[in-house]
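In: What follows is a predicted structure for the sequence shown.
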Amino acid sequence: MEMHQVRYFLAVAQLLNFTRAAEECNVTQPSLTRAIKQLEAELGGDLFRRERPAAQLTELGQRMHPLLKQCFDAAVGARSLASSFKSGEIGALRIALTHSVDLALLIPHLREIKRQFNRLELRFLRGSSREVGEFLKKGEAELGIAADIDEAWERLDVWPLFTETFELVVSREHRLADRSMIELDDLRSEQLLSRTFCEHSRRILASLREHGIDVDHGHEIASEHDLIELVEADIGIAMVPRTSLVPETLKRTAIAGLDARRTVSLYGVAGRQRTAVANAVMRMLRGADWREIAG
């Protein structure tokens, strides 16, 4: 089945006249008639009763009309969309982030990208560091942002963006809320909320354990939202990256004597063609000055 055959069929179905339909489609009547006969042969029956003065849709024609119209409209839409992508009118970006990376890091750059394209289509994927690596390998994402991807794939390109420290977050009613600096000894009687979704969670827990902090009887949390809710309720305390957004109901403070850091990097696949939006975002992120937000 060819799209021009469907277009001719729809024209005749609308005008109920082969001659006028041929004029509408800018073809000769024999060409239009031949194309419709080919379509009828493929569908196994007549689509029109060729009567004078007007052609009439057969039962098969009536049943096929909505299906063929939907097919034709979809093809026209696909062609228009492809043309818009090719001309740069529409920009698309598929980007994967680990659960521990705050989307707010991208917002200023996405606003700038939005001004460069008439229409922007974004797809955000979330996952563990391993899942972000898989998104990139399978082509489901063009770019990835993570603190660490445990993947030795030789085609994985890595561009470090910034290194940041972890800070303690407590509720404003907590006994440590008024401290400008927290000592490790201050944590010995506290229950820690462990961010199991963070790539550096185990590393931080191991470091605290080395300093004699009991981390084996804390709470395990699987999302940033749940973590914030529990800290606000004073159920426990948490260590979060400096770039993590926390509400004003919480207090964040540095921890003396604990060197807890992570490096957030941009990931891509070497040799794989990227969209114009992906290339623009990659240039922006690599050229950005992260010192203000990452400290």
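Out: All right, it came through fine.

In: per-residue confidence for the nearest residue in space to Arg155 that is not next to it in sequence?
Out: Excluding its sequence neighbours, the residue lying closest to Arg155 (Cβ to Cβ, 6 or more residues apart in numbering) is Ala270, at 4.7 Å. For every residue, glycine as well, the C-beta is placed using N, CA and C. Looking at Ala270, its pLDDT is 89.

In: now the one 3 residues further on
Out: According to the predicted model, the pLDDT of Gln273 comes to 83.

In: burial of it, as a residue count?
Out: 8 (other Cβ atoms under 10 Å).

In: what ranges do the strands span in the stretch 101-250 of the chain?
Out: Assigned by DSSP state E, counting those that start in this stretch, the strands in the stretch 101-250 of the chain fall at 119-127, 143-146, 156-171, 181-183, 192-195, 219-221, 237-241, 250-256.

In: contact partners of the second one?
Out: Residues lying outside strand 143-146 but in contact with it, judged by Cβ atoms under 8 Å, 6 or more residues apart in numbering, are 93-98, 101, 105-106, 129, 132-133, 135-136, 161, 199, 264-268, 274, 278, 281-282, 285.

In: Any idea what the residue nearest the centre of the chain is bridged to?
Out: The chain has Phe124 as the residue nearest its centroid, 1.5 Å off, counting by Cα atoms, centre = their mean. With DSSP bridges as the criterion, Phe124 is bridged to Ile95.

In: so what's it up against?
Out: Phe124 neighbours (Cβ under 8 Å, 6+ apart): Ile95, Ala96, Leu97, Leu103.

In: Check the gap between the last one and Thr163 for me.
Out: When you say that, I think you mean Leu103. Counting by Cβ to Cβ, to the nearest Å, the separation of Leu103 from Thr163 is 20 Å.

In: same thing with the first one?
Out: When distance is defined by Cβ to Cβ, Ile95 is 21 Å away from Thr163.

In: of those two, who's got more company?
Out: Here Ile95 and Thr163 are compared on neighbour count by other Cβ under 10 Å; more neighbours surround Ile95, at 24 against 15.

In: residues in contact with that one?
Out: Ile95 touches Leu106, Leu122, Arg123, Phe124, Leu125, Ala141, Glu142, Leu143, Gly144, Ile145, Ala278, Val281, counting by Cβ under 8 Å, 6+ apart.

In: so Phe72 makes contact with Val6?
Out: Yes. Phe72 is within contact range of Val6, at 4.8 Å (criterion: Cβ atoms under 8 Å).

In: now the helices for this structure?
Out: With DSSP state H as the criterion, the chain has helices at 3-15, 18-25, 29-43, 59-87, 107-114, 129-137, 201-210, 224-232, 276-287, 291-294.

In: Quick check: which of these is buried the most?
Out: Mean neighbours per residue, mean count of other Cβ atoms under 10 Å, is largest over the helices of the chain for helix 129-137, with a mean of 21.

In: what's that one in contact with?
Out: 96-98, 125, 127, 140-141, 143-151, 153, 156, 199, 267-269.

In: These, buried ones only, as a PyMOL selection?
Out: Filtering the contacts of helix 129-137 down to the buried ones (16 or more other Cβ atoms under 10 Å) takes a single PyMOL command:
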select buried, resi 96+97+98+125+127+141+143+144+145+146+147+148+149+151+156+199+267+268+269
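
In: any idea of the pLDDT on the nearest residue to Ala54 once chain neighbours are set aside?
Out: Distances taken as Cβ to Cβ, 6+ apart place Leu16 nearest to Ala54, at 4.3 Å, with adjacent residues excluded. pLDDT recorded at Leu16 is 89.

In: same check, this time on Ser87
Out: 55.

In: again with the one 10 residues further on
Out: In this model, Leu97 is scored at 95, pLDDT.
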